[in-house]
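[1] The following comprises the amino acid sequence and a computationally predicted model.
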Amino acid sequence: MPEAVAGHTVLIAGATSAAGVAVAAALAGAGARVLAVGSNPDRLQRVLEVAPEAFVYVCDLADFAAVTALAASVHVEHGPIDGLIHLVGGWRGGGGLDGQTDEDWDFLHERVVTTLRNTTRAFNADLRASMNGRLAIVSSVSVDAPTPGGANYASLKAAAETWTRAVGHGFGKAGDTAAAVIFAVRSLEGLEPRLAAEVLALWEAPAPTLNNTRRILTSA
Ligand SMILES: NC(=O)c1ccc[n+]([C@@H]2O[C@H](COP(=O)([O-])OP(=O)(O)OC[C@H]3O[C@@H](n4cnc5c(N)ncnc54)[C@H](OP(=O)(O)O)[C@@H]3O)[C@@H](O)[C@H]2O)c1
């Protein structure tokens, strides 16, 4: 039986981490057309090592003009996308509330929120027009139990979750076949194969049962 995701075009925003590489390999192995995006051309080679048939794009996803240009290129070369897996993140924090610096806030805001806003705005029409549009982000369980030392991070992850639910609300309009899903983890280390399997499973269930759900992924 072919995987449900086979034949779909899926863009991974921030594809060069261990999780991104695992997701790219799983999607390509399942027959999806993988578009892997990162800001660093050398690191994108990691994706091609596990998924030689993937297409790689260098783009600063924090720059909306660059993301708009990326979407135009993707449309010319591949047509509209069916899936957007957003994996751009990063961690800054510690030091209690006094340690929550403006520099860390700006770093996290750019990665966690701005890149999500940019990619979802640029590809929203694609996902809504697709017969099986899917958006997924990876958030953190720290949103549920924030600490002073992680206040910047948890607050911005909460903002990303809210943005994703807003996109999902648009998907939920009558007739839409798209779904937005939030995965939440404590740490991704060792969880990369599980995340990859969960991403493939996004195409195995009908959109209304998935849309605006939040799934906590644990290694157990
Ligand atoms: N790692 C964890 O334990 C953990 C825990 C909870 C939640 N999460 C979340 O899970 C997701 C994946 O995390 P991760 O640790 O695997 O990856 P990550 O280190 O957060 O970054 C993922 C990718 O984003 C890319 N990237 C960064 N800035 C970019 C930009 N301006 N434009 C384009 N690409 C950019 C990086 O590639 P280049 O530098 O090559 O561009 C990298 O491949 C993130 O949302 C993260 O917050 C992770």
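    Noted; the coordinates are in hand.
[2] Show me which residues of the chain sit near the ligand.
    Taking C-beta under 6 Å from any ligand atom as the contact definition, the chain meets the ligand at 14-17, 19-20, 37-40, 43, 59-62, 87-90, 111, 115, 138, 140, 185, 187-189. C-beta here means a position set from N, CA and C on the backbone, and glycine is covered the same way.
[3] Pull the residues that contact the helix or strand encompassing residue 12.
    Counting by DSSP states H and E, the element that carries residue 12 is strand 9-13. Residues outside strand 9-13 that contact it (C-beta atoms under 8 Å, 6 or more residues apart in numbering): 20, 23-24, 27, 32-37, 47, 61, 74, 78-88, 115, 119, 123, 134.
[4] Pull out the buried residues from the residues you listed.
    Burial by neighbour count, judged by 16 or more other C-beta atoms under 10 Å, picks out 20, 23-24, 27, 32-37, 47, 61, 74, 80-88, 115, 119, 123, 134 from the contacts of strand 9-13.
[5] and residue 151, which of the three is it?
    helix (DSSP: H, G, I helix; E, B strand; the rest coil).
[6] ok, so what distance separates it from the ligand?
    15 Å (C-beta to the nearest ligand atom, to the nearest Å).
[7] picking that back up, please narrow the buried ones among the contacts of strand 9-13 to those residing in helices.
    Judged by DSSP state H, the buried ones among the contacts of strand 9-13 include 20, 23-24, 27, 47, 74, 115, 119, 123 as members of helices.
[8] just the residues you listed now: which is nearest residue 100?
    Comparing these against residue 100 with C-beta to C-beta places residue 115 closest, at 20.8 Å.
[9] Show the model's pLDDT score for the residue nearest to the spatial centre of the chain.
    The centre of the chain sits closest to residue 86, judged by C-alpha atoms, centre = their mean, with a distance of 1.3 Å. On pLDDT, residue 86 comes in at 99.
[10] Tell me what it is bridged to.
    With DSSP bridges as the criterion, residue 86 is bridged to residue 13, residue 137.
[11] Can you show me the helices along the protein?
    So, for the chain - with DSSP H - the helices run 18-29, 41-50, 64-78, 102-108, 115-129, 151-171, 192-201, 207-210.
[12] Report the distance from the first one to the chain centre.
    Looking back up the chat, that one is helix 18-29. Relative to the centre of its chain, helix 18-29 is centred 12 Å away, using C-alpha atoms, centre = their mean, to the nearest Å.
[13] Begin at 356 from now on, thanks
    Will do, 356 is the new start, and the previous item becomes helix 373-384.
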